[in-house]
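S.K.: Predicted model and sequence follow; I will ask about them next.
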Amino acid sequence: MTAVIAPPAPPLPDPSLLTQFRWAVSDTLTITRRNLLVWIRVPAYLVFTVIQPVIFVVLFRYVFGGAIPVPGIPGGYVNFLLPGIIAQTAAFATFGTAISLAQELQKGVIDRLKSMPMARSAVLTGRLTADTARMLLTILIVVGVGYAVGFRFENGFGPAVAMIALATLFGVAICCISAFTGLAIGDEESVQAFGLIWLFPLTFLSSAFVPITTMPGVLQGFANNQPVTYVVNTMRALALGHLPVAPELWKSLVWIAGIFIVFVPLAVRAYKRAS
Amino acid sequence: MTQNSSGPAILVEDLVKSFGEVRALRGIDLSVPRGTILGVLGPNGAGKTTAVRILTTLLQPDSGRALVEGHDVVREAAAVRRTIGLSGQSAAIQEELTGRENLEIVGRLYHLSWPDARRRATELLEQFGLTDAADRSAKNFSGGMQRRLDLAASLVGRPQVLFLDEPTTGLDPRSRLGMWDVIRTLVAGGTTLLLTTQYLDEADELADEIVVIDRGLVIAAGTAEELKSRVGGDVLEFTVPDRSAVAAAVAAVAAVGEAEPQADRETGVVSVGVGGRGSEALIDGVRGLDAAGVETRGLTLRRPSLDDVFLALTGHAAEEEEDGPPARGRHGRKAADSARSAS
């Protein structure tokens, strides 16, 4: 411990707007990198991201698949199932967003980052970027496993890419809801308990796994008018080409835009208040 | 250095902050000259952490003013953040990352280039004796190493003013001494330091000036020696092994003291301030105890400790737990710390 600390540096002048923007981008990338490094080093996160979706695909394909008739779907239940399971996987992946933010809040990481001269927004944008990358990887794994168990894109390459893009966009929207819940609850254990629970009815009371016509009347009313159904129907139309895409795509995009409009400001407000 | 180089490094005037009903700060004033250590001493919930959070731009005060290196913490928050470092309970450390990665990432967030961030990380790891552990995941660091890494992280940006929020809470005695050495060398390099602590010996050991905060108010300020002299001279202290005799012992020495004797019925420790009467009070005390037939151990006449100061100033001991402001997270952390040290 000799000659330890250099003399204090004089403060820098206030940076220009352009510099501030460049810093916001570079800080976002730094936080993204940090989050992805953490993610690849925690086996539990990898299991959650990779193994669980694979189990879902295999279970639904072979356990329930034979019992669920899906008239009008080219290729049968496996082709019906895959877009649904991709949407569900994307939504469930955001559980990690809520957990991580609550953890960082609880441990004081967010406080510490806020005391640094970095762009404060980067904590959120970096989290969102890393989690989107993670989500995209999960989606690609599910598509791969889907191909192994008989799923096929029936509508060509372009629509297949569009389907993955829509699933990701939907996932990012759900990510904003999860970011808000994680920051607003702010305590890891509560998020463990409540962070996933609202996603079960949202994803299962939809057209993701079974045709809605098989549900009781009351549930049909909900299932027919909620965003997961619109998004899954659009994805199915894109993947299989059995129905026109436009009407369902419209409703999906309106829902996704609505989620962004409501939950981005809520998440930002929760982040600003959080300490 | 800057146009503000004549003023104090930290200036706080009539700072007030409430959380709902809880008045965390009720108007505190502080002034810290450059290159000195201010020890902010107080029990849990006294308002220490709230003050640090305002000075590090994490909270906005309800009223009053705080300047760090001449920059207002509310209006010039960005300038303040470029000037300061904050360290405390290892919060900046991402345990899954290595020590080196942690410091490099902080360097990038201070907008150093990659090569500069790498160089600075290597430099700090070396200075804090962490080179050998640099590429291990921080999870496997000891508590003391994690604190050192956390402190290193707060120095990446070469701060002029450093805030250390309870830097040794939860550390074992040996790691505490290690941290003290590290902290002393910081100030030798010209950094101004504000240190909060619940440990009286820590403030005594490190700080040039001490302010004592209790229930959101500064109740005393000065050097450790000045504060000790406020207790009024020496302290006669002894232990009564037979706890049922504590009351008799208190009665026996009441006459020699300048203040009421303080007795801890659990440990049997009795202390009484005897002013400047020194050895005369010692003899009178021994006679009184002998006459009352009280057996004692470890009877001494000593200089007052900051514990005595705190007791004299507040009427309660420094380590007494109190309800703090509802600062989520921090308190969860502290509760976890005390649970760990209790077990």
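M.R.: The structure has been received and is ready for your questions.
S.K.: mind checking how far whatever residue of the stretch 101-250 of chain A ends up closest to chain B is from B:Arg23?
M.R.: At 3.4 Å from chain B, A:Gly108 is the closest residue in the stretch 101-250 of chain A, using CB to the nearest CB. Heads up, the C-betas are built off the backbone N, CA and C, glycines and all. Using CB to CB, to the nearest Å, A:Gly108 is found at 23 Å from B:Arg23.
S.K.: So for those two, which sits in the more crowded spot?
M.R.: Applying other CB atoms under 10 Å in any protein chain shown to A:Gly108 and B:Arg23 shows that A:Gly108 carries more neighbours, namely 23 against 17.
S.K.: Am I right that B:Ser31 sits in a helix?
M.R.: No - counting by DSSP: H, G, I helix; E, B strand; the rest coil, B:Ser31 is located in no helix; its state is strand.
S.K.: Could you report the separation of B:Leu177 from chain A?
M.R.: 13 Å (CB to the nearest CB, to the nearest Å).
S.K.: helices or strands up against the one helix or strand that residue maps to?
M.R.: Using DSSP states H and E, B:Leu177 sits in helix B:173-188. Helices and strands touching helix B:173-188, as assessed by 3 or more CB pairs under 8 Å, 6 or more residues apart in numbering or on different chains; DSSP states H and E, comprise helix B:143-154, strand B:192-197, helix B:200-206.
S.K.: hmm, try it at 6 Å
M.R.: The contact analysis (3 or more CB pairs under 6 Å, 6 or more residues apart in numbering or on different chains; DSSP states H and E) places helix B:173-188 against no helix or strand.
S.K.: Please save the CA atoms from it in PDB.
M.R.: Below are the C-alpha coordinates for helix B:173-188, written out as PDB (Å, rounded to 0.1, in the frame of the first residue of the first chain):
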ATOM      1  CA  PRO B 173     -11.700  -7.400  13.500                       C
ATOM      2  CA  ARG B 174      -8.700  -8.300  11.400                       C
ATOM      3  CA  SER B 175     -10.300  -7.200   8.100                       C
ATOM      4  CA  ARG B 176     -11.400  -4.000   9.900                       C
ATOM      5  CA  LEU B 177      -7.900  -3.100  10.800                       C
ATOM      6  CA  GLY B 178      -6.900  -3.800   7.200                       C
ATOM      7  CA  MET B 179      -9.600  -1.500   5.900                       C
ATOM      8  CA  TRP B 180      -8.400   1.200   8.300                       C
ATOM      9  CA  ASP B 181      -4.900   1.000   6.800                       C
ATOM     10  CA  VAL B 182      -6.300   1.300   3.300                       C
ATOM     11  CA  ILE B 183      -8.500   4.300   4.300                       C
ATOM     12  CA  ARG B 184      -5.600   6.100   5.900                       C
ATOM     13  CA  THR B 185      -3.500   5.900   2.700                       C
ATOM     14  CA  LEU B 186      -6.400   7.400   0.700                       C
ATOM     15  CA  VAL B 187      -6.300  10.600   2.600                       C
ATOM     16  CA  ALA B 188      -2.500  10.800   2.500                       C
END
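S.K.: Check which residues of it are buried.
M.R.: Residues of helix B:173-188 classed as buried by neighbour count (16 or more other CB atoms under 10 Å in any protein chain shown): B:175-176, B:178-179, B:182-183, B:186-187.
S.K.: of all these, which comes closest to chain A?
M.R.: Nearest to chain A among the buried residues of helix B:173-188: B:Leu186, at 5.6 Å, using CB to the nearest CB.
S.K.: Tally up the residues packed near residue 238, please.
M.R.: Unless you meant another one, I'm taking chain A. A:Leu238 has 26 neighbours, counted by other CB under 10 Å.
S.K.: Oops, wrong one, chain B.
M.R.: 22.
S.K.: Kindly report the same for A:Ile259.
M.R.: A:Ile259 has 18 neighbouring residues, counting by other CB under 10 Å.
S.K.: by contact count, what packs against the helix or strand hosting it?
M.R.: Taking DSSP H and E as the definition, A:Ile259 sits inside helix A:246-273. In terms of contacts (3+ CB pairs under 6 Å, 6+ apart), helix A:246-273 is packed against helix A:157-185, helix A:227-240.
S.K.: let's see it at 10 Å
M.R.: helix A:95-107, helix A:109-114, helix A:122-148, helix A:157-185, helix A:227-240 (3 or more CB pairs under 10 Å, 6 or more residues apart in numbering or on different chains; DSSP states H and E).
S.K.: quick one, what contacts the closest residue to A:Leu113 other than its chain neighbours?
M.R.: If the residues on either side of it in the chain are set aside, A:Leu113 comes closest to A:Val123, at 5.5 Å by CB to CB, 6 or more residues apart in numbering or on different chains. Counting by CB atoms under 10 Å, 6 or more residues apart in numbering or on different chains, A:Val123 makes contact with A:27-28, A:31, A:35, A:101, A:104-105, A:109-110, A:113-114, A:183, A:271, A:274.
S.K.: is it possible to export those to TSV including neighbour count and pLDDT?
M.R.: Shown next, in TSV, are those (neighbours: other CB atoms under 10 Å in any protein chain shown; pLDDT from 0 to 100):
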residue	neighbour count	pLDDT
A:Asp27	24	95
A:Thr28	22	96
A:Ile31	26	96
A:Asn35	23	94
A:Leu101	31	94
A:Glu104	25	91
A:Leu105	27	91
A:Val109	19	89
A:Ile110	24	91
A:Leu113	21	92
A:Lys114	21	91
A:Leu183	27	94
A:Tyr271	23	93
A:Ala274	20	79
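S.K.: from the residues you listed, which is closest to B:Arg265?
M.R.: A:Leu105 (41.8 Å; CB to CB).
S.K.: my read: the closest one touches A:Gly186, true?
M.R.: Yes - A:Leu105 lies in contact with A:Gly186 (CB atoms under 10 Å); the separation is 4.9 Å.
S.K.: from the middle of its chain, how far away would the helix holding B:Leu177 be?
M.R.: Relative to its chain's centre, helix B:173-188 lies at 13 Å (CA atoms, centre = their mean, to the nearest Å).
S.K.: can you check stretch A:48-57 too?
M.R.: Mean-position distance between stretch A:48-57 and its chain equals 15 Å (CA atoms, centre = their mean).
S.K.: hmm, who's touching it?
M.R.: Residues from elsewhere that reach stretch A:48-57, judged by CB under 10 Å, 6+ apart: A:39, A:42, A:78, A:81-82, A:85-86, A:88-90, A:92-93, A:95-96, A:99, A:134-135, A:137-139, A:141-146, A:148-149, A:151, A:209.
S.K.: Separate out the buried members of these.
M.R.: Among these, those classed as buried by 16+ other CB under 10 Å are A:39, A:78, A:81-82, A:85-86, A:88-90, A:92-93, A:95-96, A:99, A:134-135, A:138-139, A:141-143, A:145-146, A:149, A:151, A:209.
S.K.: Would you mark the buried spots in stretch A:215-234?
M.R.: Here stretch A:215-234 shows A:215, A:223, A:226-234 as buried, counting by 16+ other CB under 10 Å.
S.K.: Same check on stretch B:226-240?
M.R.: Neighbour-count burial for stretch B:226-240, counted by 16+ other CB under 10 Å, picks out B:227-228, B:231-240.
S.K.: Fine, thanks again, bye for now.
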